[in-house]
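Undergrad: show me the folded form of this:
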Amino acid sequence: MKKIAVYCGASEGNDVAYQQAAIKLGTYLATHDLELVYGGGGVGLMGILAKQVLFEGGKVHGVMPQELVERGAAFARLTDLKVVENMSVRKQTMLAISDGSIALPGGPGTLEEIIEAFSWARLGDNPNPCVFYNVNGYYNPLKTMFDEMTKKEFLTAADRKKLLFSDSLEDIFDFMAAYIPPKIRTYPKASSI
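TA: Numbering: from 1, shown residues only. Prediction:
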């Protein structure tokens, strides 16, 4: 692994633990020679994370839609910033240039990005691991939902094991290093009517 996509909030949240986790993750990435791929912003957890990676001497690659660059959202001190057409292209680009995805706490955009990455893994379009950095149990309700999907047979038990929820960076990166992509889904042919 060389580059890790991290999805996180453009807000800091109301618990200092989220900010501390962003700093801890930034330090971990830089000190383990892992480059950050993220949305390119300089505010919220995004900004804290990027600044920490840079402070520790690491590399930070931003990917941001043109409309957000025009609104002044881009962080100026990045290693590089790739400006793309829209959010859909941003998500595709981030997955294409990274070797794994981690979600720090965040809002609907964070959730959408990591869920899409996991969904694409099940389709065979994303060979990389997806992890929720579950700071102070932030993602516990979602973990319960994925367990319920499995229980109700909308998600296979084998595929459920391909998605990690953890508050331990050591466990997260061990999981990512040992990751084997899910078996690509196949479908029975629809019968002719």
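Undergrad: residues making contact with the helix or strand bottoming out on mean pLDDT in the chain?
TA: Of all helical and strand segments in the chain, the minimum by mean pLDDT, DSSP states H and E falls on helix 66-70, at a mean of 92. By CB atoms under 8 Å, 6 or more residues apart in numbering, the residues outside helix 66-70 that reach it are 40-41, 74, 81, 83-86. Using the backbone N, CA and C atoms, a C-beta is placed for each residue, glycine as well.
Undergrad: how about 7 Å then?
TA: In this structure, residues lying in contact with helix 66-70 by CB atoms under 7 Å, 6 or more residues apart in numbering are 83, 85.
Undergrad: each with direction, which strands does whichever helix or strand comes after that helix pair with?
TA: Remark: after helix 66-70, the chain's next helix or strand is strand 80-84, criterion DSSP states H and E. Take DSSP bridges as the rule and strand 80-84 pairs in its sheet with strand 60-65 (parallel).
Undergrad: distance from the strand it pairs with to the middle of the chain?
TA: Its chain's C-alpha centre and that of strand 60-65 lie 13 Å apart, by CA atoms, centre = their mean, to the nearest Å.
Undergrad: next SSE after the strand or helix carrying T150?
TA: Per DSSP H and E: T150 is located in helix 140-151. Next along the chain after helix 140-151, taking DSSP H and E as the criterion, comes helix 157-160.
Undergrad: can you give me the buried ones in that following helix?
TA: Across helix 157-160, burial judged by 16 or more other CB atoms under 10 Å covers D159.
Undergrad: average pLDDT across it?
TA: Average pLDDT, helix 157-160: 96.
Undergrad: what packs against it?
TA: Where contact means 3 or more CB pairs under 7 Å, 6 or more residues apart in numbering; DSSP states H and E, helix 157-160 is packed against helix 140-151.
Undergrad: and the helix it packs on, what does it pack onto?
TA: Checked by 3+ CB pairs under 7 Å, 6+ apart, helix 140-151 has helix 157-160 packed alongside it.
Undergrad: need the contact partners of the helix it packs on.
TA: Residues contacting helix 157-160 (CB under 7 Å, 6+ apart): 122, 146, 150, 182.
Undergrad: hmm, try it at 8 Å
TA: 122, 146-147, 149-150, 182-183.
Undergrad: run a quick neighbour tally on the nearest residue to D167 once chain neighbours are set aside.
TA: Excluding its sequence neighbours, the residue lying closest to D167 (CB to CB, 6 or more residues apart in numbering) is N134, at 5.0 Å. Using other CB atoms under 10 Å, N134 has 21 other residues around it.
Undergrad: ok, N134 touching K143?
TA: Yes. When contacts are counted by CB atoms under 8 Å, N134 is listed as touching K143 (7.2 Å).
Undergrad: what touches both of those two?
TA: F165.
Undergrad: low pLDDT regions in the chain?
TA: 190-193 (pLDDT under 70).
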